[in-house]
Every structure is written in structure tokens, then in C-alpha cells.
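S.K.: Predicted model and sequence follow; I will ask about them next.
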Amino acid sequence: MLKLAMFDTKGYDRAAFEARLAGRDVEIKFFEPNLSCDTVALCAGYDCVIPFVNDRLDADVIECIARMGVKLIALRCAGYNNVDLDAARAAGITVMRVPAYSPYAIAEHAMAMLLTIVRRTHKAYIRTRDYNFSLNGMVGFDLHGKTVGVVGTGRIGRVFIDICRGFGMHVIAYDAYPAADAGIEYVSKEELLSRSDIISLHCPLTKDTYHMVDEAALSTMKKGVVIVNTSRGALIDAEALLNAIKRRHVGAACLDVYEEEGDFFFEDFSGHILDDDVLSRLISMPNVLVTGHQAFLTEEALDNIASTTLDNVRDFFAGVKNGNEII
Ligand code: NAI
């Protein structure tokens, strides 16, 4: 029986994986802590580790798990910027992922955030619970007719484009590898930044995309632009974004991800003093909506994550390549 060690496990992860275990020759140990140098000792005796987005598989961790006999890193997410792939290659460990578990979950969350910030429904929810039916400060704007710039037209970006078209928005897009047959109006990154009323990020975090929204990029955007990031936090220089919001250049921001989220997201810090001034200040802004890396969290996505991860494990140990290998 294969022994799997899952990290950063929450109740909903465990429920989804347990529901998919029947008939599989595996045993999973569900660890709550993140996988890092501090917790790597827990991997002893396991064939495979199952990390999530904020587990840190740097070279030290990978060397340790290789010495312990771990053969497979079966990521239960799409992004893999948290894994040192060179170190994994050198250690002879295969890395697999779940490339697509529900692009709808993330694209729909991006639109939910956009609608919320534009129509102030988050404010209305709080006001009406206090029987405050005043509409002062609640003026929004129509999405219909606005130009939305989509960065990254892969699985999630394309679903988001379809949703935006349903709202009657004009869609332009930038992708480093544009799809020829997609019927999408591609423009340069510079043109996208300067023409868009709304910008939504759907590209991976790489060396090329790190801080793609920095002070220089922000200064070329339209005054009042709304920025939506459901991709990876480090696509945006958060301090530069905060400054652009403070000088009223950026109209609003919807952030499901944050560069330093690994220290906070997925945990309850209510009652604590948050040790991150930029995040605290962003959250305090009336025109910033933060969700804690929640975009993936639908029943359908959790079920697909569990079944694909377990299929990846089965196929790897059976010597079958299924296309979900990163290296
Ligand atoms: P995908 O691989 O289908 O599409 C990514 C697109 O980005 C591709 O079309 C690619 O050509 C493009 N791209 C690559 N480098 C680029 C660059 N330098 N500039 C512009 N475009 C570039 O990926 P998918 O499934 O659409 O996911 C996108 C991202 O969403 C993931 O990388 C991940 O970081 C994030 N994500 C966030 C989740 C959440 O819960 N918030 C859940 C799942 C994914």
C-alpha cells in the first residue's frame, strides 16, 4: 500500500480526498502544518507528498525528502511556483499537478469580486443588517460597455472572457503565447494597461511575470482602473498598488492572492495584530476587497482536485505517463 503525506490539510480537503479513496491502494496521513524546512521530518516513511499552494518546496526540503525516499510530489493545485523544479530534477523526484480542476470556479470568483466592488454589495450586506438603508457612497458603474483587459488567455482567462462578454463588456487580451484560433482581440501589454477600465490577471507567476503590475505599469493605467488578481500575489507589487490607491489613481482592487499570503492565508488571525502593514492597509481601504485564496473553493473543484491527484499517484507508481507531469 502506498503511503501519502498531505500537508496544509483543512477539513474540506480531507473530506474530498476521503470521499475518493474507495478502491485505491493508498493510505493518506493528513498533516495540518505547511510543508517547510521545519516540518520536513514528517515526510519520513512516505512514498509521496501532496502539497498545496503555500507549502514551500525549496532545494533544502527537496533534498531532505529525496533522502527519505519520497519519489513523487503530487501537487494538489495548478500553479507550481512554490516548487524548486531544478532541485526536484536533480534529486530525481517527479512533480505532478492538477492542471485544470475547475476554471469556472476561479473565473466566477473573479467576476463575483468585480461585481461586489463595483456595486458595493459587501457594504450593503453590512449596512442593511444594521437597518441602515442609506445609499450614500454606494454609487457604482455599469460593467456593460466597459473595456476589460485579460492578461493570460489560458483555461481560466478564457472562461472569464466568456463571462465578461455575457455582461456586454469589450474584451481585449494580452498573452505571451496568444492563441491563433481563439477569436480574442490580442493587444500588446502596454496597450492593454493603458486602454482597460478593468484589468484581470490570469497568467502564471514566473520570472517574466513577477511584479508585472509595478509602479511603472500602474502609472500607465487609466485613472480609476479596477484591478482583479485571482492568479498569484507576486504578479503585483503590493506596496506600489497601495500607493496608487492612496493617490486615487487606482479606483479599486480585488485580491484573492497576496505576495506574502503564505504567512497568513488559510488561517484565522482574528483577534491578532496583523504583522503586515501593507496587507492591513489594503484591507482597510473601502475600495479593496480581499479574499483569502478562495477562488478555487467549490465542491466541484475540490472533488476534481482529489480525484486527479489520486489518479496522478496511481499512474506514476504504475509507470504510466498521463500528461500531468511538470518534470
Ligand atoms: P493556463 O496555463 O491554462 O493559462 C495561463 C496562460 O498564461 C497561458 O495562456 C499562457 O500562455 C499565459 N502566459 C504565460 N506566461 C505569460 C506572460 N509572461 N504574460 C502573459 N501571459 C502569459 O493556466 P490557468 O489554469 O488558466 O491558470 C492561470 C493561473 O491561475 C495559474 O497559473 C494559477 O497561478 C492561478 N490559479 C489561481 C487559483 C486560485 O484559487 N486563486 C486556482 C487555480 C489557478
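M.R.: Sure thing, it's come through. Numbering: from 1, shown residues only.

S.K.: Is S36 in a helix, a strand, or coil?
M.R.: Counting by DSSP: H, G, I helix; E, B strand; the rest coil, the backbone at S36 sits in coil.

S.K.: Same check on the one 5 residues further on?
M.R.: Judged by three-state DSSP, the three-state class of A41 is helix.

S.K.: which residues of the stretch 51-200 of the chain fall in helices?
M.R.: 59-67, 85-91, 103-119, 121-129, 155-166, 189-195 (DSSP state H, counting those that start in this stretch).

S.K.: Now the fifth one: buried residues?
M.R.: So that's helix 155-166. Residues R155, I156, G157, R158, V159, F160, I161, I163, C164 are the ones in helix 155-166 that count as buried (16 or more other C-beta atoms under 10 Å). Every residue, glycine included, has its C-beta placed from N, CA and C.

S.K.: Put together a markdown table for the helices of the stretch 51-200 of the chain, with distance to the ligand and mean pLDDT on each row.
M.R.: As requested, the helices of the stretch 51-200 of the chain are arranged in a markdown table below (distance: least, C-beta to the nearest ligand atom, whole Å; pLDDT from 0 to 100):
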| stretch | distance to the ligand | mean pLDDT |
| --- | --- | --- |
| helix 59-67 | 20 | 98 |
| helix 85-91 | 14 | 98 |
| helix 103-119 | 5 | 98 |
| helix 121-129 | 18 | 97 |
| helix 155-166 | 3 | 98 |
| helix 189-195 | 7 | 98 |
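
S.K.: Any chance of CSV for the buried residues of helix 155-166, columns distance to V53?
M.R.: Formatted as CSV, the buried residues of helix 155-166 follow (distance: C-beta to C-beta, whole Å):
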residue, distance to V53
R155, 17
I156, 15
G157, 19
R158, 22
V159, 20
F160, 19
I161, 24
I163, 23
C164, 25
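
S.K.: Closest one of those to F296?
M.R.: Distance ranking of those against F296, using C-beta to C-beta, places I156 first at 10.0 Å.

S.K.: Need the contact partners of the biggest helix by length in the chain.
M.R.: Secondary structure assigned by DSSP state H gives helix 299-317 as the longest helix of the chain. Residues outside helix 299-317 that contact it (C-beta atoms under 8 Å, 6 or more residues apart in numbering): 2, 4, 12-13, 15-17, 19-21, 24, 26, 47-48, 50, 71-72, 74-77, 94, 96-98, 101-102, 104-105, 296, 321-322, 324-325.

S.K.: Select from the residues you listed every entry located in strands.
M.R.: Mapping the contacts of helix 299-317 onto strands (DSSP state E) picks out L2, L4, V26, C48, I50, L72, A74, T94, M96.

S.K.: how distant is the longest helix of the chain from the center of its chain?
M.R.: Using C-alpha atoms, centre = their mean, to the nearest Å, the mean C-alpha position of helix 299-317 is found 18 Å from that of the whole chain.

S.K.: Can you give me the buried ones in it?
M.R.: For helix 299-317, by 16+ other C-beta under 10 Å, it's 301-313, 315-316.

S.K.: that older thread, just the ones in strands among the contacts of helix 299-317 now: which is nearest H109?
M.R.: Nearest member of these to H109, counting by C-beta to C-beta, is I50, at 23.2 Å.

S.K.: tally of neighbours for I184?
M.R.: 19 (other C-beta atoms under 10 Å).

S.K.: Please tell me how far it sits from the ligand.
M.R.: From I184 over to the ligand the distance is 10 Å, taken as C-beta to the nearest ligand atom, to the nearest Å.
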